[in-house]
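J.: Please work out how this folds:
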Amino acid sequence: MIQDIYPSRLKNEYKDYKLRDEDSVLVFTDEGKLIAGNVEGRMKFYTGSELKDKESVYLFSVDDRRFFLTMDDPESTGQYVKDNFSGYEIREIRDRFSGQDDINIFVAFTAYHLWKWYSDNRYCGKCGKHLTLDTKERALRCTECGNMIYPRINPAVIVGVTKGDTILLTRYRRGYQHNALIAGFTEIGETLEETVKREVMEETGVSVKNIRYYKSQPWGMAQDILVGFFCDAEEGSEIHMDENELKYAEWVRREDIVLQPNNLSLTNEMMHIFKEGLI
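T.: Okay, the predicted model is just below:
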């Protein structure tokens with residue numbers, strides 16, 4: 001999965017580091033495209049030596065590699081599209097570089113999560129004044145009223161609904177066009193298990209039981225923490241698909257499961273282990 005970068009290790013504790021020449025700097029456009037180079041299938045980020053005159057903030061490290069985010073005006077990021085550097089949508093990064101540059105895909109997704117938070121929180125929601133970077137923790141501070149803003153993480157579930165040797169596969173009506181499992185965000189006041197029941201019912205009309213936790217995954221594309229569950233369909237439950245959300249929802253036998261084209265997602269791993277009879 002995308003976070004499986006062992007033996008490398010993410011160090012996400014906040015540090016008030018200053019940019020060095022050898023550090024990497026990620027640049028996002030106001031549309032959320034990452035401006036990066038493509039060198040023989042590997043992403044190339046700008047370096048501190050190239051952007052030393054730009055304001056930046058430390059994001060995280062992978063092993064000894066430090067990654068920063070430019071705080072340049074997003075409307076001026078067009079100047080960075082030059083030579084072999086282009087703007088890539090975050091979904092495009094997953095498809096284009098998968099299997100060749102998985103650590104930098106993880107870097108891009110995690111940096112995007114933080115970029116989205118910084119981009120969406122430029123002004124105080126209480127008094128409207130400009131927010132400033134806190135120097136002691138990952139936070140934005142309003143010097144006018146003292147309001148503190150912390151990164152947002154959205155909990156969501158991925159659900160493998162099984163019935164004997166079949167699993168409930170879906171395809172979205174819009175967006176990602178490969179096989180998927182049922183997924184959805186946790187709503188106010190409900191547990192993750194209640195989210196599982198509600199989302200399966202809303203999308204497919206199937207009632208479930210025996211809900212059991214499998215594994216979790218950070219998914220910076222939507223600022224998520226994805227939580228995977230398997231569960232069993234109640235006897236007699238029939239599929240009544242939400243046609244506004246899905247264009248396909250069917251029970252599929254293990255041997256007939258067609259996996260996604262890369263191994264980065266929790267969804268694909270859950271489909272894979274069911275296909276192989278590991279659960």
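J.: how close does Asp73 sit to Lys247?
T.: 40 Å (CB to CB, to the nearest Å). Every C-beta, even on glycine, is put in place using the N, C-alpha and C of the backbone.
J.: more neighbours, these two?
T.: The residue with more neighbours, out of Asp73 and Lys247, is Lys247; 12 against 9, by other CB atoms under 10 Å.
J.: now the closest residue to the more buried one other than its chain neighbours: how far from Glu245?
T.: Spatial nearest neighbour of Lys247, chain neighbours left out: Arg173 (4.5 Å); criterion: CB to CB, 6 or more residues apart in numbering. Arg173 sits 6 Å away from Glu245, going by CB to CB.
J.: go on, Val81?
T.: From Val81 across to Glu245, the span is 35 Å (CB to CB).
J.: Of those two, which one has the most company?
T.: Neighbour tally, Val81 and Glu245, criterion other CB under 10 Å: the higher count belongs to Glu245, 17 against 13.
J.: wouldn't that one be in contact with Tyr172 here?
T.: Yes: in this structure, Glu245 is within contact of Tyr172 by CB atoms under 8 Å, at 7.1 Å.
J.: just for the stretch 101-250 of the chain, where's the confidence low?
T.: For the stretch 101-250 of the chain, the stretches with pLDDT under 70 are 175.
J.: And the strands in the stretch 51-200 of the chain?
T.: Using DSSP state E, counting those that start in this stretch, the strands of the stretch 51-200 of the chain run over 56-62, 65-70, 85-88, 132-133, 140-141, 148-149, 154-163, 166-172, 182-185.
J.: I'd like to check the angle between the longest one and strand 166-172, please.
T.: Using axes from the mean of the first three to the mean of the last three CA atoms, to 10 degrees, the inter-axis angle of strand 154-163 relative to strand 166-172 is 130 degrees.
J.: Can you tell me how far the closest residue to Thr195 other than its chain neighbours is from Thr267?
T.: Closest residue in space to Thr195, ignoring its immediate chain neighbours: Thr186 at 4.5 Å, by CB to CB, 6+ apart. Relative to Thr267, Thr186 is positioned 17 Å away (CB to CB).
J.: ok, these two, which is more surrounded?
T.: Per other CB under 10 Å, whichever of Thr186 and Thr267 has more neighbours is Thr267, with 26 against 19.
J.: confidence score at the more buried one?
T.: Model confidence at Thr267, given as pLDDT, is 96.
J.: mind listing what it touches?
T.: 158, 180-181, 183, 260 (CB atoms under 8 Å, 6 or more residues apart in numbering).
J.: who wins for neighbours among those?
T.: Of these, with other CB under 10 Å as the count, Ile158 tops at 27 neighbours.
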